[in-house]
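Asks: structure of the sequence below:
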Amino acid sequence: MLTGYTNAGELSRDEAAAMIKEVIANEKQADITRYYQKYGPFYYIGSDNGVINKHKELEQSGYVKVKALPDSKTPSESKTTYGIQFTDKALPYMAKNNEDSENKAYITLAKVDNIDVIGVKKLTPNEYKAEVSLGYRLTPFGEILLGRGIKVERKEDAFFEAHDNGWRVKFKANF
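Replies: Here you go, the predicted structure:
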């Protein structure tokens with residue numbers, strides 16, 4: 001849940017949009033990410049040929065190195081499993097670590113590029129609800145893993161509560 005504060009009063013659509021942009025810019029939690037589980041010095045991607053081929057495309061672009069995992073075959077397995085190592089070129093797309101990321105790497109697939117407040121509705125004298133459309137721009141990881149030319153949008157509800165120190169912004173959904 002993202003929250004932010006600003007001075008309270010009557011809430012206009014432009015003010016709602018400005019507060020939402022500020023909250024999203026400060027938190028970065030609205031970006032679309034994917035995580036990789038650590039497996040020794042590598043991050044696990046599995047044995048699916050489609051997934052491996054997409055990561056080999058990332059390798060050709062210089063973002064990762066794809067390797068067969070050591071001891072990845074057991075007697076009951078017929079396929080080799082693979083892992084990746086991230087290169088320095090991938091660092092700008094690595095999402096900020098948090099407490100549960102010690103054995104995980106988070107990669108940003110898409111970043112919020114456009115915020116449109118569709119409408120603002122007063123619920124009570126101290127509460128408003130805004131319908132928000134978030135447009136995303138794919139990162140190189142998103143272009144390869146999700147597909148080039150894919151358009152990512154999502155609609156969310158933002159709630160505004162008036163407090164003595166300003167508006168508190170909450171999104172209905174966790175990003």
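Asks: could you use CA atoms for every contact and neighbour count after this?
Replies: Noted.
Asks: so which strand or helix has E102?
Replies: For E102, there is no helix or strand it lies in under DSSP states H and E.
Asks: what's around it, how many residues?
Replies: 10 (other Cα atoms under 10 Å).
Asks: quick one: it and Y36, what's the gap?
Replies: Using Cα to Cα, to the nearest Å, E102 is found at 11 Å from Y36.
Asks: next, give phi and psi for the nearest residue to G46 once chain neighbours are set aside.
Replies: Excluding its sequence neighbours, the residue lying closest to G46 (Cα to Cα, 6 or more residues apart in numbering) is T81, at 4.8 Å. When read as degrees, to the nearest 10, the backbone of T81 gives phi -100, psi 150.
Asks: does the residue nearest to G62 when sequence neighbours are not counted count as helix, strand or coil?
Replies: Excluding the flanking residues, the one nearest G62 by Cα to Cα, 6+ apart is K89, at 6.6 Å. Here K89 is recorded as helix under DSSP: H, G, I helix; E, B strand; the rest coil.
Asks: does K89 really touch S61, like I thought?
Replies: No. Applying Cα atoms under 8 Å as the test, K89 and S61 come out as separate, 9.1 Å apart.
Asks: the more surrounded of these two?
Replies: S61 (14 against 11).
Asks: contact partners for the more buried one?
Replies: Not one residue lies near S61 by Cα atoms under 8 Å, 6 or more residues apart in numbering.
Asks: quick one: buried residues of the longest strand seen in the chain?
Replies: In the chain, assigned by DSSP state E, the strand with the most residues is strand 104-124. Within strand 104-124, the residues that count as buried by 16 or more other Cα atoms under 10 Å are 104-112, 115-117, 120.
Asks: dump those residues to JSON lines, plus pLDDT and distance to D31.
Replies: Below are these laid out as JSON lines (pLDDT from 0 to 100; distance: Cα to Cα, whole Å):
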{"residue": "K104", "pLDDT": "91", "distance to D31": "17"}
{"residue": "A105", "pLDDT": "91", "distance to D31": "15"}
{"residue": "Y106", "pLDDT": "91", "distance to D31": "11"}
{"residue": "I107", "pLDDT": "94", "distance to D31": "10"}
{"residue": "T108", "pLDDT": "93", "distance to D31": "7"}
{"residue": "L109", "pLDDT": "94", "distance to D31": "8"}
{"residue": "A110", "pLDDT": "92", "distance to D31": "6"}
{"residue": "K111", "pLDDT": "90", "distance to D31": "5"}
{"residue": "V112", "pLDDT": "88", "distance to D31": "6"}
{"residue": "I115", "pLDDT": "87", "distance to D31": "12"}
{"residue": "D116", "pLDDT": "88", "distance to D31": "16"}
{"residue": "V117", "pLDDT": "89", "distance to D31": "18"}
{"residue": "V120", "pLDDT": "90", "distance to D31": "23"}
